[in-house]
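Participant: have a look at this prediction, sequence included:
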Amino acid sequence: MFSSVRTVMTFAVDPEASARWWGELQDVPVKMEVSDTGDVYAWVEIGGVEVGFHPADDERNPRGGSPVVYWGVDDIDQVREQLLAAGCEHHRGPLTIEPGRRIAQLRDPFGTIVGIEGP
């Protein structure tokens, strides 16, 4: 039925700023579309997945209404420190969920919770 994750959409107060921060962090280009109403949808591609930032709308798309996405990493402690240095804040963890598998959550500068998973 499902084959792979293609797009992860996050709802953000400032989609362009969110995408630019992630683009800079991952050293990837930012792509944008501007609707007739002036709303910006911005995105970056990371590991073959489109990470999109859509305008938050309290009625239809509230900020924080998205699931937490966990990115696979080779060294959870090192990546966690890089994210903290880049402006993220600690949210949860690191937690060991089974031998050799740990997770942590951080909040990016725009309020989105980001998960990392690895040894």
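Facilitator: Right, received. Where do you want to start? Every value quoted in this text rests on a predicted model; they were computed, and no experiment measured them.
Participant: only C-alpha atoms for contact and neighbour calcs from this point on.
Facilitator: Fine.
Participant: next up, phi/psi of the nearest residue to residue 49 once chain neighbours are set aside, please.
Facilitator: With sequence-adjacent residues excluded and distances taken as Cα to Cα, 6 or more residues apart in numbering, residue 49 is closest to residue 6, at 5.1 Å. Here is the backbone geometry of residue 6 (degrees, to the nearest 10): phi -100, psi -40.
Participant: could you report the neighbour count for residue 6?
Facilitator: Each residue near residue 6 was counted by other Cα atoms under 10 Å, and the total is 11.
Participant: how about it, what does it touch?
Facilitator: Residue 6 is in contact with 48, 49, 50, counting by Cα atoms under 8 Å, 6 or more residues apart in numbering.
Participant: only the buried residues of the top helix by length along the chain, if you could.
Facilitator: The longest helix of the chain (DSSP state H) is helix 15-26. The neighbour-count check on helix 15-26 (16 or more other Cα atoms under 10 Å) flags 15, 16, 18, 19, 20, 21, 22, 23 as buried.
Participant: between those residues, which sits nearest residue 80?
Facilitator: Nearest to residue 80, judged by Cα to Cα, of these is residue 22 at 14.6 Å.
Participant: do I have it right that that closest one meets residue 44?
Facilitator: Yes - the pair residue 22 / residue 44 is scored as a contact, 7.4 Å apart, by Cα atoms under 8 Å.
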